[in-house]
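J.: Sequence first, then the predicted structure:
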Amino acid sequence: MRRQAVLSVLQKAILVLLILYIVLPLLVPLIFSFSTLWMDILPEGFTVRWYLKIFNRHKYYQGLITSLLIAISAVAVDAFICVPAAYAINRLRGRAGGLLRSAFKIFPLIFPPIVVGTGFVQAFNRPPLSWSGSLMLAVFAHATLGFPFMFRNVLAAFQTIDERTLSEAAASLGANLWQRFGYVIIPNVIPGILAGSLLVFAISMGEFEVTSMIAGFGWRTMPLLLYRSLIDDIRAASAISGILIATSIVAFVGMTLVSARVGAGKLRATERT
């Protein structure tokens, strides 16, 4: 009994240390961003002045708008590519289909972001695709980084429905390919698209390495401003960290709600059958 009690205490201590290891680096800048002064162990006062500074100063406000624009555009590009790609690859059978599904899920992830950034800089730095330093290049780069996350979620959504049976039933009622895709298939995989979109959005909002390599002199995203503010204005850097943390939390909560709703729908469908 004593040995079990010691093991239980040890497990709880390890769990607490693990949580602190993960949460503490995120919690410190968040607390710092709301404090008026932090010279001792505990912060003093409460203020939102540093967040108001982000929205009132043009460079920070413009950086937030730029980050949102790139993130939303990257989500749109990934959705436009991944939905038909997942549909086509899900229909493949045999060894070739399995290999393609595995490749699309992990292939972009095995390369470091700095390698991806180098490839984009070199590939789009000469005519006729002289896009170096443009927002368009940043959108495509962020979409490339987010592609496997969108693809995995959309493919999982396709694999949870009997897509062939649904398509055949719609075709028997006279629906053509586009009607089947728009009115039957897409509504059934929307949870996967939403989950992938939230994940790609959060990744894009916090992306630094590739963005720093392809950014021009005319625009800056929030992570780039965060890096520069670490030297110039630590309070603004903490507020930017708070915004990025909030973005990730919202994306996580959204994915959790989507997953829970999908799970509840499957349970109701199982009970009806």
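T.: Perfect, I can see it now.
J.: residues in contact with T66?
T.: Counting by CB atoms under 8 Å, 6 or more residues apart in numbering, T66 touches L135, W219, R220, T221, M222. Every C-beta, even on glycine, is put in place using the N, C-alpha and C of the backbone.
J.: what's the closest of the residues you listed to V116?
T.: The shortest gap between V116 and any of those belongs to T221, at 16.1 Å (CB to CB).
J.: got the contact list for that closest one?
T.: Residues in contact with T221, defined by CB under 8 Å, 6+ apart, are G63, T66, S67, I70, A138, E207, T211, A215.
J.: rerun at 6 Å
T.: For T221, the residues meeting the contact criterion (CB atoms under 6 Å, 6 or more residues apart in numbering) are G63, T66, S67, T211.
J.: What ranges in the stretch 151-273 of the chain fall below the confidence cut-off?
T.: Across the stretch 151-273 of the chain, the stretches falling below the confidence threshold (pLDDT under 70) are 217, 259, 261-273.
J.: So which residues of it form helices?
T.: Using DSSP state H, counting those that start in this stretch, the helices of the stretch 151-273 of the chain run over 163-172, 177-180, 186-206, 209-214, 222-232, 234-272.
J.: Contacts for the first one next, please.
T.: When contacts are taken as CB under 6 Å, 6+ apart, the neighbours of helix 163-172 outside the stretch itself are R180, V184.
J.: That one: how far from the chain's middle?
T.: Relative to the mean C-alpha coordinate of its chain, helix 163-172 is positioned 32 Å out (CA atoms, centre = their mean, to the nearest Å).
J.: Mind listing what's buried along it?
T.: Of the residues in helix 163-172, those with enough neighbours to count as buried (16 or more other CB atoms under 10 Å) are E163, S167, A170.
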